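Undergrad: The amino acid sequence is not available; the structure is as follows:
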């Protein structure tokens, strides 16, 4: 009987650890960006050159992503789509110092104001 009770307690503890949606699963040193209709929070981000780790949190009611555009208008990186209520890590390796635009690639989102600025020093 004790074995069954201990097993049930262990199972309950494992279930409480849950999946990767929402919560505080942000990697250490990451930059959290919350996405809603139609904005990023924060919309102005500063980070050191090299590897940048973003923690994308979708608090909106539609799927969103985060793309980075350089000064020539070329997209240099795009995250995976983040589903409603979900969170994802987005790593950008070896980004150079400069000014970049961030935006959501979903149809109509950028035009509705879902963009911002990334300054890499």
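TA: That came in fine, so what should we check first? All values reported here derive from a predicted model rather than from experimental measurement.

Undergrad: List of residues touching the helix or strand harbouring residue 117?
TA: Assessed by DSSP states H and E, residue 117 sits inside strand 115-120. Among residues not part of strand 115-120, those counted as contacts by C-beta atoms under 8 Å, 6 or more residues apart in numbering are 39-40, 42-49, 52, 68, 95-104. C-beta here means a position set from N, CA and C on the backbone, and glycine is covered the same way.

Undergrad: who does it pair up with?
TA: strand 44-47 (parallel), strand 98-103 (antiparallel) (DSSP bridges).

Undergrad: Residue 91 bridge partners, please.
TA: In this structure, residue 91 has the following beta-bridge partners (DSSP bridges): residue 53.

Undergrad: Quick one: residues contacting it.
TA: By C-beta under 8 Å, 6+ apart, the contact set of residue 91 is 51, 52, 53, 54.

Undergrad: residue contacts, residue 33?
TA: Residues in contact with residue 33 (C-beta under 8 Å, 6+ apart) are 40, 41, 42, 45, 54, 55, 56, 57, 66.

Undergrad: quick one on the thing from earlier: filter the contacts of strand 115-120 to the buried ones?
TA: 39, 40, 45, 47, 52, 68, 95, 100, 101, 102, 103, 104 (16 or more other C-beta atoms under 10 Å).

Undergrad: Max pairwise distance over the residues you listed: which two?
TA: Greatest spacing in the buried ones among the contacts of strand 115-120, by C-beta to C-beta: 39 and 95 (22.3 Å).

Undergrad: Distance across stretch 75-84, terminal residue to terminal residue?
TA: Separation of the first and last residues of stretch 75-84 by C-alpha to C-alpha, to the nearest Å is 24 Å.

Undergrad: Which positions within that stretch qualify as buried?
TA: When burial is assessed from 16+ other C-beta under 10 Å, stretch 75-84 yields the following buried residues: 77, 78, 79, 81, 82.
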